[in-house]
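**Q** need coordinates for the below:
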Amino acid sequence: MISGTKKLFCALLSSIFCISLLSCESERTVPFDPDELTRQIQQITEEYEIMGLAVALLAGGEAVYEGYFGQAVYETGRELGPESAFRIASITKTVSTISLMQLWEKGVVDIDADVSDYLGWELRNPAHPDDKITLRMLMSHTSGIRDGEGYPLFAREMIENQLHIRELFEPGGAYFGADMFAGHAPGDYFSYSNSTWSLVATVVERISGERFDHYAAREIFEPLGIRASFNPADFGAEEYAALYRKPVGEWVAQVDLYTETAPKDRAWEGYEIGTNGLLYGPQGSLRITAPGLKRLALTLIHGGELDGVRIFDETTLAEMTRLHWEYDGTNGDTWENFFLGYGLGIHLLTGQEGKDVIFPGRKMFGHAGIAYGLLSNMYVDPTTGAGVIYIMSGSAGSFEYAEDSSFYKMEVSVFDLLYPALLTLEGN
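**A** Numbers count the residues shown, from 1 in each chain. Purely as a prediction, here's the structure:
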C-alpha cells in the first residue's frame, strides 16, 4: 500500500507531467499565422531597403503561403503582385534543362554523344582536341567552357549582326577567345558557365525544329498553366517587374523597365532555327511570375506532374537530380562553398552545416539566380513536400554572406522565418 506522503508525491508528479504534456502539445499545435509572417517579412524588406520581394512557402506538397512586398516599378509606384513578371536569372537553367531532357526522354537525343553531332559543327577545347564535349557535361558545368570576354560582347551584338553561335565557340570565330575554355579536360572540373546554355538551346531547336521559346511554351508553360516565356515580347509593359540597383543613393533600373511600350521579339527576320540558341536567354532570361515559379516547384516535388498534367517522367527527374558532380576539395570552383553538388541544370544542396543549407536537415534541390540586382531561389524537398520561392528585385543593402551560410544575409533572414512556419504546418 502506498503511504499518504507517497500518494501526494505521485499526484504532484503526475500533475507536473500532465502540465508538461499540455505545454508541449500547445507548442506543437500553435496555428500558422500568415499575417504575422507577412509582418515579419515586411520588416526584413525595410531593413534591407528592398525594392520588391515575392515569397512563397510550400509544405506537404502544396503552396501554403504567398506574399508580395514593395514595388514592381519604382518610377511609377506600381506595386509588386502575383501578376509581376521577373527576369528570373539562373533558375532559367532548370527550365532549359527540362526542355532538353524531354527530348532525351523521347529517345531522340543522347546526352552522352558528342554534341558536335547535333550542332552540325565541331565543338572542341583547343587544349584537348581529341576529347568530345557532351550535353551531360554542358548541363552539369563540367564541359570546360567558361564565359570568356567574347561572351558578353556576342550577347550584346548578336541581334544587330544576326550572329551564328559558332562565332563564339569556334577558334577563328569573330567573338572567340582563348579564355572561352579552361585548361581542364572536358568532364574533369566544375566551372559555372552561362554561355554553355546557348548550346543546349541550340540543340533543342535543331532536334525539335522549333524556335526555343516556342518549344518551351508548347511543352512546359502552356500545359502547366504557367505564366512565363523566354520571349520578352510575350508580356505587356504593365506586367514587368523591373530590376534595380542603388549605387549612389538613387534607384537605377537595370533591365525590364517598360512603363509604356513592351519589348519587341528578339528574333530577326529570317532567323534560321538552330543557329543561335542564346537568342532567347536559356541561361538566365526567362520571365516568369512568382505563382508560375511556384507551379514549377510543385511540378518538381510531384515528380514531373501537376494537376494531372505530366511534362516529364520520374526517371527523367531522377537523372536530372542525380549527383553528376560533387566537390572533393580540388575539382571545381564552389563560389564560396555555394556549389558543392550539381545535377543536370539542378543545384543539389548537400546540407553541410554552415554552408549550403536552407532548411536544416533537408537536402533540397533547385536553383538560385543573381543578376542585375535580383536574387532568386527555387528549392524543394520532394521527400517532405517542402519548398521555398524567393524573388528579390533590388536592394540598397549590401549583398553580404550570412555568417553560417553560403546564402546571403537577406535571403537567410527570410529562410529563418519560413522554417518555423514550415515545422508548425508539418506538426513538428
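**Q** for L163, give its distance to V200.
**A** Distance of L163 to V200, given as Cβ to Cβ, to the nearest Å: 18 Å. Glycine gets a C-beta too; all of them are placed from N, C-alpha and C.
**Q** with H214 instead?
**A** Where V200 is concerned, H214 sits at a distance of 16 Å (Cβ to Cβ).
**Q** neighbour count winner among these two?
**A** Neighbour comparison, H214 and V200: the larger count goes to V200, with 24 against 16 (by other Cβ atoms under 10 Å).
**Q** and the helix or strand hosting the more buried one, what's its mean pLDDT?
**A** Per DSSP states H and E: V200 is located in helix 196-208. Average pLDDT, helix 196-208: 98.
**Q** again with stretch 299-318
**A** Rounded mean pLDDT across stretch 299-318 is 98.
**Q** next SSE downstream of the worst-scoring helix or strand of the chain on mean pLDDT?
**A** Taking mean pLDDT, DSSP states H and E as the measure, helix 4-28 is the helix or strand of the chain with the lowest mean score, a mean of 39. Next helix or strand after helix 4-28 toward the C-terminus (DSSP H and E): helix 34-47.
**Q** can you show me the CA trace of that following helix as CSV?
**A** Taking C-alpha atoms only, helix 34-47 is exported to CSV below (Å, rounded to 0.1, in the frame of the first residue of the first chain):
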residue,chain,number,x,y,z
PRO,A,34,0.3,34.1,-42.2
ASP,A,35,-0.4,37.7,-41.1
GLU,A,36,2.4,37.5,-38.6
LEU,A,37,4.7,36.0,-41.1
THR,A,38,3.8,38.8,-43.5
ARG,A,39,4.6,41.4,-40.8
GLN,A,40,8.0,39.9,-40.1
ILE,A,41,9.0,39.7,-43.8
GLN,A,42,7.8,43.3,-44.2
GLN,A,43,10.3,44.2,-41.5
ILE,A,44,13.1,42.5,-43.5
THR,A,45,12.2,44.4,-46.7
GLU,A,46,12.5,47.6,-44.7
GLU,A,47,15.8,46.5,-43.0
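**Q** by contact count, what packs against that helix?
**A** strand 52-59, strand 62-73, helix 409-426 (3 or more Cβ pairs under 8 Å, 6 or more residues apart in numbering; DSSP states H and E).
**Q** please identify the buried residues of that helix?
**A** For helix 34-47, a neighbour-count test (16 or more other Cβ atoms under 10 Å) marks L37, T38, Q40, I41, I44, T45 as buried.
**Q** what sits against the fifth one?
**A** Residues near I44 by Cβ atoms under 8 Å, 6 or more residues apart in numbering: I50, L53, M410, S413, V414, L417.
**Q** which residue, other than its chain neighbours, is closest to the second one?
**A** Spelled out, it's L53. F69 (4.4 Å; Cβ to Cβ, 6 or more residues apart in numbering).
**Q** and what of the fourth one?
**A** What sits nearest to S413 in space, not counting adjacent residues and going by Cβ to Cβ, 6+ apart, is I44, at 4.9 Å.
**Q** so where do the helices sit in the stretch 251-400 of the chain?
**A** 290-301, 314-321 (DSSP state H, counting those that start in this stretch).
**Q** mind giving me the packing neighbours of the shortest one?
**A** Secondary structure elements in contact with helix 314-321, counted by 3+ Cβ pairs under 8 Å, 6+ apart, are helix 92-105.
**Q** give me the angle between the helix it packs on and helix 290-301.
**A** 40 degrees (axes from the mean of the first three to the mean of the last three Cα atoms, to 10 degrees).
**Q** so how far is the next helix or strand after helix 92-105 off the chain centroid?
**A** Sequence order places helix 116-119 as the next helix or strand after helix 92-105, per DSSP H and E. How far helix 116-119 lies from its chain's middle: 27 Å, per Cα atoms, centre = their mean, to the nearest Å.
**Q** helix 116-119 packs against which elements?
**A** Checked by 3+ Cβ pairs under 8 Å, 6+ apart, helix 116-119 has helix 196-208 packed alongside it.
**Q** and the contacts of the following helix or strand past the helix it packs on?
**A** For helix 196-208, the following helix or strand on the C-terminal side (DSSP H and E) is helix 212-216. Here helix 212-216 makes contact (Cβ under 8 Å, 6+ apart) with 95-96, 99, 201, 204-205, 208, 229-231, 234, 277, 279-280, 282.
**Q** one step back: roughly how far apart are the residue nearest to S413 and M410?
**A** From I44 to M410 the distance is 7 Å (Cβ to Cβ).
**Q** residues that sit against both of the two, list them.
**A** What both I44 and M410 touch, as defined by Cβ under 8 Å, 6+ apart, is the set I50.
**Q** L418 touches V55, doesn't it?
**A** Yes: checked against Cβ atoms under 8 Å, the pair L418 and V55 is within contact range at 7.5 Å.
**Q** overlap of the contact sets of the two?
**A** In contact with both L418 and V55: Y65, V388, using Cβ under 8 Å, 6+ apart.
**Q** ok so, going back, out of the helices and strands packed on helix 34-47, deepest packed?
**A** Using mean count of other Cβ atoms under 10 Å, the stretch among the helices and strands packed on helix 34-47 with the largest mean neighbour count is strand 52-59, at a mean of 25.
**Q** who does that strand touch, helix- and strand-wise?
**A** helix 34-47, strand 62-73, helix 290-301, strand 386-392, helix 409-426.
**Q** between it and helix 290-301, how big is the angle?
**A** 30 degrees.
**Q** could you dump strand 52-59 to CSV, C-alpha only?
**A** The C-alpha coordinates for strand 52-59 follow below in CSV (Å, rounded to 0.1, in the frame of the first residue of the first chain):
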residue,chain,number,x,y,z
GLY,A,52,10.4,44.3,-54.4
LEU,A,53,10.1,40.9,-52.8
ALA,A,54,8.0,37.8,-53.6
VAL,A,55,8.0,34.9,-51.2
ALA,A,56,6.2,31.5,-51.2
LEU,A,57,6.3,28.6,-48.9
LEU,A,58,5.4,25.0,-49.8
ALA,A,59,4.6,22.3,-47.3
